[in-house]
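Engineer: Structure, please.
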Amino acid sequence: MTKKNLLVLLLLPLWLLLSSCDDFTSRARDYVTPEALKAHVAVLADDELQGRAPGTPGYDAAAQYVARTFQAIGLEPAGAAGTFYQPIALRQARLVEGSAQLILRRAETALLLRHVDDYVFLLNPIAARLDITAAAVYVGYGVTAPQYGLNSYQGLDVAGKFAVALTGVPSGLPPEPAAVLASIARKAADAHQAGARGLVLLFDDTKDADWAYAAAVYTAQQPVLSWAENEEIAYAPNGDLQAVIAMAPSAAARMFKGAEQSLADVFKAARAGAPSSGFRLDAALTARNLVQYKPMRSANIIARLDAKETPIKQINGAELPQVPGALMLVAHLDHLGVGPAINGDVIYNGALDNALGVASLVETAKALAALPAQWPRDVYFAALTGEEAGLIGAEYLVRHLPMPKLSAVLNIDMPVALYPLATLHASGATHSSLGAVANRAAQGYRLALETDPKPQEAIFIRSDHYAFVKQGIPALYLNIGITDSEGDTERGAAALNDFLSRHYHQPSDDLTRPINWQSAATFSDVHVDILRRLAQDTSDVRWTQGSFFSPSDLAAVSSD
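Structural biologist: This next block holds a predicted model:
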């Protein structure tokens, strides 16, 4: 696409303002057109935007496009200072080359371990300099979750020491709680709560490829994003723990020499489902590094559709307005930017992930704004930055909400619309009353809600809505199901798996993908109907009793 043609498309929202008088009816399939979605994705996934990485001109251009589109629709700005922008002062952290040092101390000996070959630092950018010498204590899986009978730190003194923990969690836990408890952020929070200064992660490469040491090395080589307020780090992915270290099995085995069990014995017991209790290691570690910061700026783009009525309630004989909590639809605008060349292409366009999600967001907003029905709730629409870097924009937004109360969040992230739509998967449906609303909306399109085809992936904690869930706000994350109208799952599963294995987070996630635009349009229509139903209902959105993610239950295992 030429720059001239791209400029025409960037100005497209001004034309939309003049043509927004379409006759929207109560028939959901009239809400969103395939052509409108395709036009948005053509702009957002164009090479000119260079993959929309936060802090780059490409992301800024995408943000401007979304803001102009919101304005053309007639939405109110809900960002800072009367604009659609919620600016965020980001701070990118990288390890200073050559500064990493990890020394294993045993008795009178000291061994300098090899960076990358033996260990890597998983940076937590709360300080520019790390220098810790402390004893090491093995703590099993390093997890505290009383409701599942887990308390790895019971009876252990880790105050001021390195907690040495297995990756993963014991077998037998439900997928979503298991994913929360196994996360590095969760283990870091538990270690810090127990008084540890650092966390060392042990990788049994023969057990689980997802937790292989090579994956940790890859992660450690990526920059870490946080944000700063008043020149200080205000948010860091691993909380307040000073050091998180991933250690290769061969190097980690040296720490267990002379201990009551060898590392091989520890791994063997864990594979058998009977991990040993923690014990002191006859070893200490000295960890040093320097972190280099790069200031960056990015922004969430936030718009508001004002409530069309205010309910009145009689209280002690007086009529008082009762304003219910707002609703919010989010989709992440960022992608990976420019990266390593694959088949000669270096631009990671992110057409499905998540230009299509943002297209669905803005078209859902346009459809909802055009409905003549009255409702008492404000509805917000947010295109978020930094999802690919750890839900950074969502974490910022939930701590800087533009409304006094937020009742529920819907999230659109990477709708894999590559085949005819017949079913939906509603992640989070069982955790709140949003599931019932989604089910009724789906039935209006003759769509069934299928069970999660990949429960082991625990996708409910892997996208922007989870930042809100951690703060007690119910959320729902719809995905296009793999089951077709005849009940067959093979074709849909094959298309999904092909995308995930060959195109996800690759330059080939671009407009050459065979996107089924009608499926994407119907998928968007369902979100319109869900929001319409919620906006017209003044009753509270409720957590399901006993849900792991309800505030009372999640508080026992939350790092926030």
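Engineer: Residue ranges in the chain under the pLDDT threshold?
Structural biologist: Low-confidence segments of the chain (pLDDT under 70): 1-29, 207-211, 310-323, 552-560.
Engineer: show me what contacts the most centrally placed residue in it?
Structural biologist: When CA atoms, centre = their mean is applied to the chain, the residue found nearest the centroid is residue 463 (2.6 Å). Residues near residue 463 by CB atoms under 8 Å, 6 or more residues apart in numbering: 332, 387, 391, 411, 413, 477. Backbone N, C-alpha and C define where each C-beta goes, glycine included.
Engineer: Ramachandran coordinates for the first one?
Structural biologist: Okay, so that is residue 332. Main-chain dihedrals, residue 332, degrees, to the nearest 10: phi -80, psi 140.
Engineer: so what's it closest to, chain neighbours aside?
Structural biologist: Spatial nearest neighbour of residue 332, excluding adjacent residues (CB to CB, 6 or more residues apart in numbering): residue 387 at 3.3 Å.
Engineer: What's the separation between that neighbour and residue 52?
Structural biologist: Relative to residue 52, residue 387 is positioned 11 Å away (CB to CB, to the nearest Å).
Engineer: what's the answer for residue 100, then?
Structural biologist: Distance from residue 100 to residue 52, by CB to CB: 31 Å.
Engineer: Compare these two (neighbour count), which wins?
Structural biologist: For residue 100 versus residue 52, the count of surrounding residues by other CB atoms under 10 Å is larger for residue 52: 30 against 21.
Engineer: Confirm that one sits in a helix?
Structural biologist: No. If the criterion is DSSP: H, G, I helix; E, B strand; the rest coil, then residue 52 is coil and not within a helix.
Engineer: got a list of what it touches?
Structural biologist: Taking CB under 8 Å, 6+ apart as the test, what residue 52 contacts is 44, 58-59, 62, 333-335, 337, 350, 355.
Engineer: Out of the residues you listed, which is nearest to residue 37?
Structural biologist: When the contacts of residue 52 are ranked by distance to residue 37 (CB to CB), residue 355 comes first, at 9.6 Å.
Engineer: Does the closest one touch residue 349 like I think?
Structural biologist: Yes. The pair residue 355 and residue 349 qualifies as a contact (CB atoms under 8 Å) at a distance of 7.4 Å.
Engineer: what is in contact with the two at once?
Structural biologist: 45, 335.
Engineer: Pull out the buried positions in stretch 346-354.
Structural biologist: 347-354 (16 or more other CB atoms under 10 Å).
Engineer: same question, stretch 160-176
Structural biologist: 161-170, 173, 175-176.
Engineer: Quick check: the farthest pair among these?
Structural biologist: Once CB to CB is applied, these give 161 and 175 as the farthest pair, at 31.8 Å.
Engineer: just to revisit the earlier point, residues in contact with both of residue 387 and residue 52, list them for me.
Structural biologist: With CB under 8 Å, 6+ apart as the test, residue 387 and residue 52 both reach residue 334.
Engineer: Would it be right to say that residue 298 lies in a strand?
Structural biologist: Yes. Residue 298 sits within a strand when classified using three-state DSSP.
Engineer: name the element the residue nearest to residue 332 belongs to?
Structural biologist: If you go by DSSP states H and E, residue 387 is not part of any helix or strand.
Engineer: Help me confirm that it comes into contact with residue 334.
Structural biologist: Yes. Using CB under 8 Å, residue 387 is in contact with residue 334, at 5.9 Å.
Engineer: and the residue lying closest to residue 514 once chain neighbours are set aside, how many neighbours?
Structural biologist: The shortest distance from residue 514 to any residue other than its chain neighbours is 6.0 Å, reached at residue 418 (CB to CB, 6+ apart). Applying other CB under 10 Å, we find 20 residues neighbouring residue 418.
Engineer: do the same with residue 497
Structural biologist: Neighbour tally, residue 497, other CB under 10 Å: 13.
Engineer: Same question for the one 3 residues further on.
Structural biologist: For residue 500, the number of neighbouring residues by other CB under 10 Å comes to 14.
Engineer: Can you report phi and psi for it?
Structural biologist: phi -60, psi -40.
Engineer: what separates it from residue 506, distance-wise?
Structural biologist: 10 Å.
Engineer: what's the lengthiest helix in the chain packed up against?
Structural biologist: If you go by DSSP state H, the chain has its longest helix at helix 517-535. Under the contact definition 3 or more CB pairs under 8 Å, 6 or more residues apart in numbering; DSSP states H and E, helix 517-535 sits against helix 34-44, strand 326-332, helix 356-370, strand 406-411, helix 434-443, strand 475-480.
Engineer: Mind doing that once more with 10 Å?
Structural biologist: When contacts are defined as 3 or more CB pairs under 10 Å, 6 or more residues apart in numbering; DSSP states H and E, helix 517-535 sits against helix 34-44, strand 326-332, helix 356-370, strand 379-384, strand 406-411, strand 423-427, helix 434-443, strand 475-480.
Engineer: Nearest to residue 129 among the contacts of residue 52?
Structural biologist: Nearest to residue 129 among the contacts of residue 52: residue 337, at 28.6 Å, using CB to CB.
Engineer: List the beta-bridge partners for that closest one.
Structural biologist: Beta bridges link residue 337 to residue 348, judged by DSSP bridges.
Engineer: how about it, what does it touch?
Structural biologist: Shown in contact with residue 337 (CB atoms under 10 Å, 6 or more residues apart in numbering): 49-56, 58-59, 346-348, 350, 388.
Engineer: Apply 7 Å and report the result again.
Structural biologist: By CB atoms under 7 Å, 6 or more residues apart in numbering, the residues touching residue 337 are 50-53, 56, 348.
Engineer: Next one: it relative to residue 284, how far apart?
Structural biologist: Relative to residue 284, and taking CB to CB, residue 337 is found at 41 Å.
Engineer: Ok, residue 306 next?
Structural biologist: Separation of residue 306 from residue 284 (CB to CB): 61 Å.
Engineer: And these two? Which one has more around it.
Structural biologist: residue 284 (18 against 10).
Engineer: Would you agree that one is in contact with residue 135?
Structural biologist: Yes. Here residue 284 reaches residue 135: they are 4.7 Å apart, a contact under CB atoms under 7 Å.
Engineer: so can I have CSV of the contacts of residue 337 showing distance to residue 143?
Structural biologist: Below are the contacts of residue 337 laid out as CSV (distance: CB to CB, whole Å):
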residue, distance to residue 143
50, 40
51, 36
52, 36
53, 34
56, 38
348, 34
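Engineer: do you know how far residue 397 is from residue 50?
Structural biologist: For residue 397, the distance to residue 50 equals 24 Å [CB to CB].
Engineer: of the two, who's got more company?
Structural biologist: residue 397 (26 against 20).
Engineer: Check for me that that one belongs to a strand.
Structural biologist: No. Assignment of residue 397 by three-state DSSP gives helix, placing it outside any strand.
Engineer: Can you give me the distance of the residue nearest to residue 332 to residue 415?
Structural biologist: 14 Å.
Engineer: Residue 520 is in contact with residue 420, correct?
Structural biologist: No. Applying CB under 7 Å as the test, residue 420 and residue 520 come out as separate, 11.2 Å apart.
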